[in-house]
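Colleague: Here is a sequence together with a model predicted from it:
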2 protein chains.
Amino acid sequence: MSEDARFGLDKKVRLLGPLPLDSGGALAPVDLAYETYGALNADASNAILICHALTGDQYVASTHPVTGKDGWWVRMVGPGNPIDTDRHFIICANVIGSCMGSSGPATMNPATEKPWGMDFPVLTIADMVRAQALLLDHLGIERLHAVIGGSMGGMQAISWTALYPERVKSAVIIASAARHSAQNIAFHEVGRQAIMADPRWRGGAYYADDDPPSSGLAVARMAAHITYLSEEGLTEKFGRRLQDRDSKTFGFDADFQVESYLRHQGISFVDRFDANSYLYITRAMDYFDLAEAHGGTLAHAFKGSQTRFCLISFDTDWLYPTSESRTIVHALNAAGAAASFVELSSAFGHDSFLLENPEMNRIVDGFLKAGET
Amino acid sequence: MSEDARFGLDKKVRLLGPLPLDSGGALAPVDLAYETYGALNADASNAILICHALTGDQYVASTHPVTGKDGWWVRMVGPGNPIDTDRHFIICANVIGSCMGSSGPATMNPATEKPWGMDFPVLTIADMVRAQALLLDHLGIERLHAVIGGSMGGMQAISWTALYPERVKSAVIIASAARHSAQNIAFHEVGRQAIMADPRWRGGAYYADDDPPSSGLAVARMAAHITYLSEEGLTEKFGRRLQDRDSKTFGFDADFQVESYLRHQGISFVDRFDANSYLYITRAMDYFDLAEAHGGTLAHAFKGSQTRFCLISFDTDWLYPTSESRTIVHALNAAGAAASFVELSSAFGHDSFLLENPEMNRIVDGFLKAGET
């Protein structure tokens, strides 16, 4: 397996593979687009892998090339921040299946020299992690100082500890779960059905004429976005306030601020995300059940683990509620692994891990520093 | 105002109106399709009005003409049941804006002799209640023994007590709220956007060629349906169980039982419901804020009320959680109104009010009987 291309300011590598997949197939070549921050030290012991969430990307602390916005975790990653670019070598790779440069349904199928579309193989979280392991091999990193992720990033982080325990010194798993619940699956299925109901989806073969199923994807995003917030947060932020108007219009325009906000979330999302990638990544998340791969007992995933674990949940997160983190902690305890766990208070539901939260920063900072001594 | 038509086995009346609407317009004529059960007694003192929910209808205890299924509340309504067809005269009318015979976007606009479509006036919950009051006038019922409803039916019931306090002896409000929260509005907006994103919606003018926006309506229903259930209920009912298969398909068919169930909910709904009605009724619910119409103080809605109130909520209902019922109870207490309130335990979320729940039946039975002595 070797690198045969690296181009652009953004880092990208083409690994020849093949990468064996849980579906039984394989992916070759494997394109991985990634960003790095800071410098790898002489013994390659300061590397931190950050795993991104469903609609996240590698631009964890650099400007997003499409939106022009700051990286999605600049509050956590940067000089002097808990994930410290002065101290750590930080890697964040776009997951395979996604649409920011890594292999996914919008990239070229070498067999047809056309975009994969729905011929792209269905992936799992473990497949994403195995691809990241190839990237670490390529970068000459044998062992991670830490793997860190929130939401789907946490699913990857915990999968890292199960698949490659010897390669992970510490793991930080935030607002996440060891499996997707029936309600999680249900919300994802609504999003997928919204995309596939859009006539412009055309079985996923919409790349040729630049006419993607934007309406369906926007609806999918709107539905998902509600699950990222809390009832309390929505009430605090919007309540029943009207949108730039003194009174109701008795029509179907966005009367309420919360309607306008949601529509904006849907519309802006389609500019930066591929509908097929949304299908593939939600599917990978729905398939995620770490216990299942270990005979139905989650603790078996961590047998003999020397990894240090830090789990953080948020009290208003109803997508991956505290009980899901607690299930992981109980399994870690049963396996005799070193685990710390905190439930933080925040009004903002699941999205809290992306927002300003000094307490979260303090915890991650302390946990990482304790692992460096 | 007089009846000029009554036809079919199902009862229907055309009232000349005009019915003044909160939007400032008026509706004329006003068609109201309704069912009755039991017999009105000599002094017309045994009438109970049941108000239905968003996608409900007048077939509360009779076979649905489209689906062939039993009425939606046969557990509560029938001989010897709490709402007793041997003791009470029970009326349930399809709300205006709906699609089971009452005036709505699919009915004829007398000005154009074509279906109203989006020219139908935007309604409020109070408009629906005022139309029901016309029906009671028509039926010669001055005062209701009780008005009863769950979910949107509860919004109508509580509006009855505020608009026509002298006409309501008792009110039973189940799994409901005195206003729609930001999260409630957000979920409805997703549904509306799903419908309006369907190219077959065509600005609501889809009646002529019998090609309605079924895909969009099915997605709307799927999203809403999740909010009717609880995480606990979904886990109990489906968990992560696969659908008639031994293993995952690594495709996008319904692998999980919960996916298959949700798809079925979406697909079967479109056979019995009109997409434009879904837009209009969700809008009416979003506009609902009983305090707003009373200077922002909910208690003012009940000033001097002689109505007896019974409120019931369910502990796993996250659509209209117990806190919403408690807000109503506090307002009733502040207004000096007679109110009883119970939170019941049930695994099944908001839908609990439609399901077998002996405790709920006992409470409604006792409350109604106490009002008869």
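Modeller: Good, I have the coordinates.

Colleague: I'd guessed A:Asn41 sits against A:Asp86; true?
Modeller: No. In terms of Cβ atoms under 8 Å, A:Asn41 does not count as a neighbour of A:Asp86; the distance is 11.5 Å. Bear in mind the C-beta positions are built from the backbone N, C-alpha and C, glycine included.

Colleague: distance of the residue positioned nearest the centre of chain A from A:Gly153?
Modeller: Nearest to the geometric centre of chain A sits A:Ala53, at 1.5 Å (Cα atoms, centre = their mean). As judged by Cβ to Cβ, to the nearest Å, A:Ala53 and A:Gly153 stand 5 Å apart.

Colleague: repeat for A:Leu21
Modeller: 20 Å.

Colleague: And A:Tyr278, by the same measure?
Modeller: Distance from A:Tyr278 to A:Gly153, by Cβ to Cβ: 17 Å.

Colleague: What are the structural domain limits within chain A?
Modeller: A:11-181+A:289-370, A:184-281 (automatic domain parsing).

Colleague: Make JSON lines out of these and add distance to B:Met285 and mean pLDDT.
Modeller: Output for the domains of chain A, formatted as JSON lines (distance: least, Cβ to Cβ, whole Å; pLDDT from 0 to 100):
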{"stretch": "domain A:11-181+A:289-370", "distance to B:Met285": "22", "mean pLDDT": "97"}
{"stretch": "domain A:184-281", "distance to B:Met285": "12", "mean pLDDT": "96"}
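
Colleague: Adding distance to chain B, write those out as JSON lines.
Modeller: What follows is these, written out as JSON lines (distance: least, Cβ to the nearest Cβ, whole Å):
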{"stretch": "domain A:11-181+A:289-370", "distance to chain B": "4"}
{"stretch": "domain A:184-281", "distance to chain B": "4"}
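
Colleague: can I assume A:Arg143 is in contact with A:Lys169?
Modeller: Yes. Here A:Arg143 reaches A:Lys169: they are 6.3 Å apart, a contact under Cβ under 8 Å.

Colleague: of the two, who's got more company?
Modeller: The neighbour count for A:Arg143 versus A:Lys169, taken as other Cβ atoms under 10 Å in any protein chain shown, is higher for A:Lys169 (18 against 14).

Colleague: Contacts only, for the more buried one.
Modeller: Residues counted as contacts of A:Lys169 (Cβ atoms under 8 Å, 6 or more residues apart in numbering or on different chains) are A:143-146, A:307-308, A:371.

Colleague: Please list only the buried members of those residues.
Modeller: A:144-146, A:307-308 (16 or more other Cβ atoms under 10 Å in any protein chain shown).

Colleague: ok, these vs B:Lys237, which is closest?
Modeller: Nearest to B:Lys237 among those, counting by Cβ to Cβ, is A:Thr307 at 35.6 Å.

Colleague: That closest one: what's it in contact with?
Modeller: A:161, A:165, A:168-171, A:337-338.

Colleague: give me phi/psi at it?
Modeller: Main-chain torsions, A:Thr307, degrees, to the nearest 10: phi -70, psi 140.

Colleague: same check, this time on the one 3 residues further on
Modeller: Recorded main-chain torsions at A:Cys310 are phi -130, psi 120, according to degrees, to the nearest 10.

Colleague: and it, what is it in contact with?
Modeller: Contacts for A:Cys310 (Cβ under 8 Å, 6+ apart) come out as A:170-173, A:339-341, A:363-364, A:367.

Colleague: quick one: which of those residues is most hemmed in?
Modeller: Among those, the one with the most neighbours (other Cβ under 10 Å) is A:Ile173, at 31 neighbours.

Colleague: Am I right that that one falls within a strand?
Modeller: Yes. Counting by DSSP: H, G, I helix; E, B strand; the rest coil, A:Ile173 is found in a strand.

Colleague: Nearest spatial neighbour of it, chain-adjacent residues omitted?
Modeller: Closest residue in space to A:Ile173, ignoring its immediate chain neighbours: A:Gly154 at 4.1 Å, by Cβ to Cβ, 6 or more residues apart in numbering or on different chains.

Colleague: Could you look up the SS state of that neighbour?
Modeller: Assignment for A:Gly154 (three-state DSSP): helix.

Colleague: so it makes contact with A:Ala175?
Modeller: Yes. Using Cβ under 8 Å, A:Gly154 makes contact with A:Ala175 at a distance of 6.6 Å.

Colleague: returning to that earlier point: now the contacts of A:Lys169 in TSV, with distance to A:Thr282 and secondary structure?
Modeller: Below are these laid out as TSV (distance: Cβ to Cβ, whole Å; DSSP: H, G, I helix; E, B strand; the rest coil):
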residue	distance to A:Thr282	secondary structure
A:Arg143	31	coil
A:Leu144	27	strand
A:His145	31	coil
A:Ala146	27	strand
A:Thr307	28	coil
A:Arg308	31	strand
A:Gly371	33	coil
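
Colleague: Rebuild those as CSV, extending it with distance to B:Arg200.
Modeller: Output for the contacts of A:Lys169, formatted as CSV (distance: Cβ to Cβ, whole Å):
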residue, distance to B:Arg200
A:Arg143, 56
A:Leu144, 51
A:His145, 55
A:Ala146, 51
A:Thr307, 53
A:Arg308, 55
A:Gly371, 57
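
Colleague: right, and the pair among these with maximum separation?
Modeller: Across these, the longest distance by Cβ to Cβ is 12.9 Å; it joins A:Arg143 and A:Arg308.

Colleague: related to what we said a few turns ago, out of the buried ones among the contacts of A:Lys169, the closest to A:Leu262 would be?
Modeller: Once Cβ to Cβ is applied, the member of the buried ones among the contacts of A:Lys169 that ends up nearest A:Leu262 is A:Ala146, at 35.2 Å.

Colleague: Look up which residues are beta-bridged to that closest one.
Modeller: Bridge pairing for A:Ala146 (DSSP bridges) gives the partners A:Ile48.

Colleague: Same question for the one 4 residues further on.
Modeller: Taking DSSP bridges, one obtains A:Ile174 as the residues bridged to A:Gly150.

Colleague: burial count for it?
Modeller: Neighbour tally, A:Gly150, other Cβ under 10 Å: 30.

Colleague: Ok, A:Arg240 next?
Modeller: 21.

Colleague: Repeat that for A:Ser159.
Modeller: A:Ser159: 27 neighbours (other Cβ under 10 Å).

Colleague: Quick check: which element contains the residue lying closest to it once chain neighbours are set aside?
Modeller: Sequence neighbours aside, A:Val129 is the residue nearest to A:Ser159 in space, at 4.7 Å (criterion: Cβ to Cβ, 6+ apart). Here A:Val129, judged by DSSP states H and E, is contained in helix A:125-139.

Colleague: other SSEs contacting that helix?
Modeller: Applying 3 or more Cβ pairs under 8 Å, 6 or more residues apart in numbering or on different chains; DSSP states H and E, one finds that helix A:125-139 makes contact with strand A:11-15, strand A:19-20, strand A:30-37, strand A:47-51, strand A:89-93, helix A:152-163, helix A:275-287.

Colleague: what angle sits between that helix and strand A:11-15?
Modeller: Orientation check (axes from the mean of the first three to the mean of the last three Cα atoms, to 10 degrees): helix A:125-139 against strand A:11-15 gives 100 degrees.

Colleague: Would you mind naming the residues that bridge with the nearest residue to A:Glu292 once chain neighbours are set aside?
Modeller: Leaving aside its chain neighbours, A:Glu292 sits nearest to A:Arg179 (7.3 Å; criterion: Cβ to Cβ, 6+ apart). On the basis of DSSP bridges, A:Arg179 is bridged to A:Asp289.
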